[in-house]
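1. Okay, here's the prediction I keep looking at, along with the sequence it came from:
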Amino acid sequence: MTLFSLLLVLGWERIFKMGEHWQLDHYLAALFRGRQRFSLLRTLLMTVVAMAIIVVCLLGLKGLFFGVPQLLFWIAVGLLCIGAGSVRLHYHAYLKAASRNDTRAHNAMAEELTLIHGIPNDCDEREYLRELQNALLWINFRYYLAPLFWFVVGGPWGPVLLVGYAFLRAWQSWLARHHSPLERSQSGVDAILHVVDWLPVRLAGVAYALLGHGERALPAWFASLTDRHTSQYQVLTRLAQFSLSRDPHNDKVETPRVAVSLAKKVSLVVVVVVALLTIYGTLV
């Protein structure tokens, strides 16, 4: 069921999912809007409640009508949690603005794309474009690679782990957009995601290392296995930049396109690996 649901979700996402209406973040906004107090415990409780709702739904649908309602539920959860519909619109808007040299518009879209980690104020054009590349690579991880990982490793409970991850991702984005860095820190969401992302970042890093300069990237990847303090964003983007080092960082349009192209290749590799593991019975 995992592979079948995954292929349907990815196919639908690539063709039809533009905008925020098929995105869990959009529907959670009403819940987040009323939050005024922030703590690690509150973040954990909200996440557990979201996951518990999915558990109840899965148990309630189990065995009904030959499993068809459960399959449809899996697909619906996947569509809500996998993919970056609204972010893709920001990316295309950035490309359009940059291609016509509309500095104000493309800077505004770049701010949207770099919402979580930002861009240093004193960087030059080359550093600016590299940070934009890193943001796009991280978006691909947050909305595709990491959700795929939790959806697959969860087995029959894949939707539960997927919703838990998507909830944390949405909460982090909401806090970054609407609240101060202090309040975001008090919520503990960054610390939780640092732990949750550790394994999927290393697995995604292998793909980036093998697609790029393996002789330089693989030693860095092995060093990351014992690194518990560096942010997962830095670990992933450092490995990905080995693959992008041959490409110039001086074109406002082509530089982000190269990063997105690499991210798509890595996503395809991950899907192929999942398919092969499923065919050979390693995954359910």
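-> Noted; the coordinates are in hand.
2. residues in contact with the residue nearest the centre of the chain?
-> Central residue of the chain (Cα atoms, centre = their mean): R142, 1.1 Å from the mean position. Neighbouring residues of R142 by Cβ atoms under 8 Å, 6 or more residues apart in numbering: A84, R169. For the C-beta atoms, the positions are set from N, CA and C on the backbone; glycine is no exception.
3. so where do the helices sit in the stretch 151-284 of the chain?
-> Assigned helices in the stretch 151-284 of the chain, in chain order: 158-178, 181-187, 189-196, 198-211, 214-224, 232-244, 254-279 (criterion: DSSP state H, counting those that start in this stretch).
4. Quick check, S86 in contact with L24.
-> No - counting by Cβ atoms under 8 Å, S86 does not reach L24; the two are 11.4 Å apart.
5. Touching both of the two, which residues are there?
-> With Cβ under 8 Å, 6+ apart as the test, S86 and L24 reach no residue in common.
6. any weak-confidence spans in the stretch 151-284 of the chain?
-> Along the stretch 151-284 of the chain, segments meeting pLDDT under 70 span 212-215, 247-249, 280-284.
7. Kindly recompute the last result at 90.
-> For the stretch 151-284 of the chain, the stretches with pLDDT under 90 are 153-156, 177-181, 205-229, 239-256, 258-262, 264-284.
8. I'd like the distance from the residue nearest to the centre of the chain to R14, if you could.
-> R142 is 17 Å from R14, where distance means Cβ to Cβ, to the nearest Å.
9. what do you get for M51?
-> From M51 to R14 the distance is 27 Å (Cβ to Cβ).
10. now do I192
-> On the measure of Cβ to Cβ, I192 and R14 end up 30 Å apart.
11. Between the two, which is the more surrounded one?
-> Per other Cβ atoms under 10 Å, whichever of I192 and R14 has more neighbours is I192, with 18 against 11.
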